[in-house]
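A.B. asks: Sequence and predicted structure, then a few things I'm wondering about:
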Amino acid sequence: MNIHFIAIGGAAMHNLAIALHKKGYHVTGSDDEIFDPSKSRLEKYGLLPEKFGWFPEKITHGLDAIILGMHAKPDNSELHKAQELGLNIYSYPEYLYLQSQNQKRVVVAGSHGKTTITSMILHVLTAQNKDVNYMVGSQLKGFDTMVKLDDNLDTIILEGDEYLSSPIDPRPKFLWYHPHLTVISGIAWDHMNKFPDKQDYIEQFAKYIDTIEPGGTLIYNEEDAVLTGLVNQNKKHIKIIAYRTPAYEKDGNRFYLLNGNEKVPLQILGAHNMQNTEAARLICNELGISNKDFYKAIQSFKGADKRLEKLAENDKSVIFKDFAHAPSKVAASVKAVKESYPGKKLIAVLELHTYSSLNQKFLPEYKDKLNAADEAIVFYSPKAVALKGLDPIPPELIVKEFNYPELKVFTEPEKLHRYLYNLDLQNTVLLLMSSGNYGGLDFEKIVDKAKKINSQVDC
């Protein structure tokens with residue numbers, strides 16, 4: 001098979017390219033820019049394009065398939081050439097479905113928790129020596145690449161994203177997968193650039209439920225009223241399993257799941273992660289993993305990459321880096337950290353970076369989401385707002401919509417960096433939440449300061 005990737009450097013695209021290369025396919029690709037870790041991974045497997053840019057001459061009748069990534073534009077010259085030649089053009093999720101048509105498809109969907117739940121499932125299955133195919137949107141510890149496609153395996157675990165499939169296919173990715181077994185963690189409006197109406201966003205999940213294979217299984221979070229409403233409206237002949245946050249205890253910074261008389265120690269924190277664990281347990285049960293084996297394996301799970309990643313911890317201060325940016329994820333992360341370190345001051349720093357978060361119409365969704373923090377900071381770049389073609393955001397509007405009167409708002413990266421570098425981190429937890437990097441923040445500088453504070457006090 002000869003496969004060409006248009007926009008091969010994407011986080012998901014490059015992993016699929018490597019997976020197909022490992023299957024023995026001849027893989028080529030193009031992109032106008034590729035950054036690490038995609039760049040070094042593609043180079044390792046001999047798949048890095050010699051030159052960056054788009055080259056229509058690469059598109060010939062000798063190609064069996066074109067896989068089109070979201071980074072490409074509808075007017076992409078390679079795409080136009082492929083259309084002129086009548087080649088088979090697939091979106092990333094469409095091609096994954098083709099690769100898994102003869103396998104049991106297990107899909108993890110929902111507005112939040114997808115990556116963590118998928119990671120938990122794979123962690124447990126690996127511990128039980130159960131080999132499966134998979135696709136995860138984030139790099140996991142112990143995994144070389146985040147897509148595996150082995151024709152000899154009978155099950156694939158897919159992270160089901162509701163974002164669009166490709167520049168020429170506006171359907172959400174998860175509508176392609178037609179799961180036999182799925183979990184939906186919850187619904188909270190996101191991706192306003194593609195779903196400007198909240199009801200339209202919710203409707204995508206109703207459509208997703210309709211794609212479940214006849215006789216399949218839906219596991220859902222019954223604590224989510226919107227999701228529960230969709231499930232109750234469903235008319236498909238499927239097995240339905242509801243779940244909610246399981247019983248747990250906390251001792252210091254350690255969380256314990258309660259399994260009858262047993263206390264299961266975990267390395268993750270927060271009520272939302274207890275909920276994620278329950279979703280993963282139920283999926284694993286359906287895959288033949290007993291509760292005993294699940295609870296044994298989950299104890300060594302340390303969390304998904306960039307999800308409440310602990311950069312530093314000592315007696316005096318703790319620093320977390322988190323990918324959270326959507327309102328529901330921000331609230332969950334802030335509450336998790338505050339619950340874990342109630343005796344310390346919590347400083348929460350959020351960067352508004354995405355189209356939705358920088359849209360004035362979406363800002364009310366952030367109301368009260370930072371209220372669990374003792375000090376809250378929001379940073380956004382007016383240049384980023386302008387580049388996305390959005391109306392300027394006055395800082396006072398941020399304060400109003402977040403409903404946090406003492407909220408500190410920064411719009412210049414240098415001033416934010418100076419403030420953070422000079423923070424008193426004694427008896428403090430610093431939570432840095434962003435899908436960006438705060439305009440070039442030096443995270444190591446803050447980590448080093450925390451270490452110095454601890455050593456100075458010890459002396």
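C.D. replies: Sure thing, it's come through.

A.B. asks: Roughly how far does the residue positioned nearest the centre of the chain sit from Phe195?
C.D. replies: In the chain, the centroid-proximal residue (CA atoms, centre = their mean) is Thr115; its distance is 4.9 Å. Thr115 sits 20 Å away from Phe195, going by CB to CB, to the nearest Å. (C-beta placed from N, C-alpha, C; glycine too.)

A.B. asks: ok, back up a step: so the residue nearest to the centre of the chain sits in a helix?
C.D. replies: Yes - according to DSSP: H, G, I helix; E, B strand; the rest coil, Thr115 belongs to a helix.

A.B. asks: so who does it touch?
C.D. replies: Contact partners of Thr115, counting by CB atoms under 8 Å, 6 or more residues apart in numbering, are 136-138, 159, 304, 307.

A.B. asks: Could you measure from the nearest residue to Asp161 once chain neighbours are set aside over to Tyr438?
C.D. replies: Using CB to CB, 6 or more residues apart in numbering and skipping the chain neighbours, the partner closest in space to Asp161 is Lys173 (4.5 Å). In this view, Lys173 and Tyr438 are 29 Å apart by CB to CB.

A.B. asks: and if you look at Glu278?
C.D. replies: 34 Å.

A.B. asks: now Ala242
C.D. replies: 40 Å.

A.B. asks: for His71, same thing?
C.D. replies: 23 Å.

A.B. asks: okay, the two: which has more neighbours?
C.D. replies: Using other CB atoms under 10 Å, the more surrounded residue of His71 and Tyr438 is Tyr438, with 22 against 18.

A.B. asks: Can you spell out the domain ranges of this structure, please?
C.D. replies: Per automatic domain parsing, the domain ranges recorded for the chain read 2-87, 95-298, 309-458.

A.B. asks: can you tell me the average pLDDT over the longest one?
C.D. replies: Computed over domain 95-298, the mean pLDDT rounds to 94.

A.B. asks: for stretch 15-35, same thing?
C.D. replies: 96.

A.B. asks: how about the strands in the stretch 1-150 of the chain?
C.D. replies: 2-6, 26-30, 65-68, 89-91, 104-109, 133-135, 147-148 (DSSP state E, counting those that start in this stretch).

A.B. asks: want to throw those strands into JSON lines with distance to Asn273 and mean neighbour count?
C.D. replies: Below are the strands of the stretch 1-150 of the chain laid out as JSON lines (distance: least, CB to CB, whole Å; neighbours: other CB atoms under 10 Å):
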{"stretch": "strand 2-6", "distance to Asn273": "34", "mean neighbour count": "23"}
{"stretch": "strand 26-30", "distance to Asn273": "36", "mean neighbour count": "20"}
{"stretch": "strand 65-68", "distance to Asn273": "34", "mean neighbour count": "23"}
{"stretch": "strand 89-91", "distance to Asn273": "31", "mean neighbour count": "20"}
{"stretch": "strand 104-109", "distance to Asn273": "14", "mean neighbour count": "26"}
{"stretch": "strand 133-135", "distance to Asn273": "20", "mean neighbour count": "25"}
{"stretch": "strand 147-148", "distance to Asn273": "25", "mean neighbour count": "23"}
